[in-house]
Every structure is written in structure tokens, then in C-alpha cells.
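Student: compute the structure for the input listed below.
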Amino acid sequence: MRGGLVVAVVTVVLLALVASLWLSRRHTLDRRVGSFRCALRHGTRWPGGVAQYGAAAFYWWRSWSLAPRPARRWERESLTIVAKRQADVPGAAGQLVVTCRARSDAQPVEFELLLSADAYAGLTSWIEATPSRVGSVF
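Tutor: Numbering: from 1, shown residues only. Predicted structure coming up:
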């Protein structure tokens, strides 16, 4: 009986540690300059995450992860917005679906982001502010 109690206590402590690490990571990502919540289409699913535009790249972290590095990274110079439309995703009223194109390992790749209109305005401003990219978004 005593061994079962030790296992239960260790399990509770480990779960509390993982939960606190996740909350700390989420809080840190949400507070970064240039970060916003958005989902990235993965097949037919829209896993949530936090995106951030940095000086030279656009980053995306999964919400449900403990990874310290972003799950995706695209170079600012190669990032282009191809299309935007109102979201037809359940529970995403007022959101936009934005189709982007970028180079990844010298290969062109297209991906879709689900984000707010304010986040879209910030993203387009960040892309347009690239010195070599004037007029690259619509």
C-alpha cells in the first residue's frame, strides 16, 4: 500500500511540474513583442498556436507543446501573402484565413493561417516593412 502512495505522489508532482512549465511557456510566448495567437492548418485540422514576427523570420509555436523552439519558421524575405478570406471554420467567427507562400529549404511551400483581422494587419505591415518588399501584399 505504501508503494502505491509514493507512486501517486510522484505522479501528482510530475503532472504539476509539467503543467507549470506549460503555463510558463505559454505566458512567455504571449508576452513577446510581435506575437499573436493564430492557428496553422495541418491537413484538415487547425492546431492553435502563437506566431511571432522577428527581425528576419516568422515563427510559429504549437500551443500544446513544451518545445522551446518554434515548430515552424519562415524567412521574412521569402514570405508572401497569396490570398485571404473570411474563415469558414466552426468557432472562428470574425477570423481570417490567410494563404501564405514561403521558401523552406529552398523549396516553395504554401500554408494557411487562421488569425484575427488585427493580427493580419500587423503581419502585412511587417511584410511590407521589409526594405526589398514594397507592395508585396494586397
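
Student: the closest residue to T80 other than its chain neighbours and L79: what is the separation?
Tutor: Ranked by Cβ to Cβ, 6 or more residues apart in numbering and with sequence neighbours excluded, the top spatial neighbour of T80 is R101, at 4.9 Å. Using the backbone N, CA and C atoms, a C-beta is placed for each residue, glycine as well. To L79, R101 is 8 Å away according to Cβ to Cβ, to the nearest Å.

Student: please say which of the two ends up with more neighbours.
Tutor: L79 (21 against 15; other Cβ atoms under 10 Å).

Student: for the residue nearest to T80, report the pLDDT, please.
Tutor: pLDDT recorded at R101 is 94.

Student: one more: V7?
Tutor: pLDDT, read off for V7, is 84.

Student: got it, and T28?
Tutor: Looking at T28, its pLDDT is 68.

Student: and what of the one 4 residues further on?
Tutor: The per-residue pLDDT reported for R32 equals 70.

Student: and the residue nearest to T80, what element?
Tutor: R101 belongs to strand 96-104 when elements are defined using DSSP states H and E.

Student: how about whichever helix or strand comes after that strand: buried residues?
Tutor: Using DSSP H and E, the helix or strand that follows strand 96-104 towards the C-terminus is strand 107-115. In terms of neighbour count (16 or more other Cβ atoms under 10 Å), strand 107-115 has its buried residues at F111, E112, L113, L114, L115.
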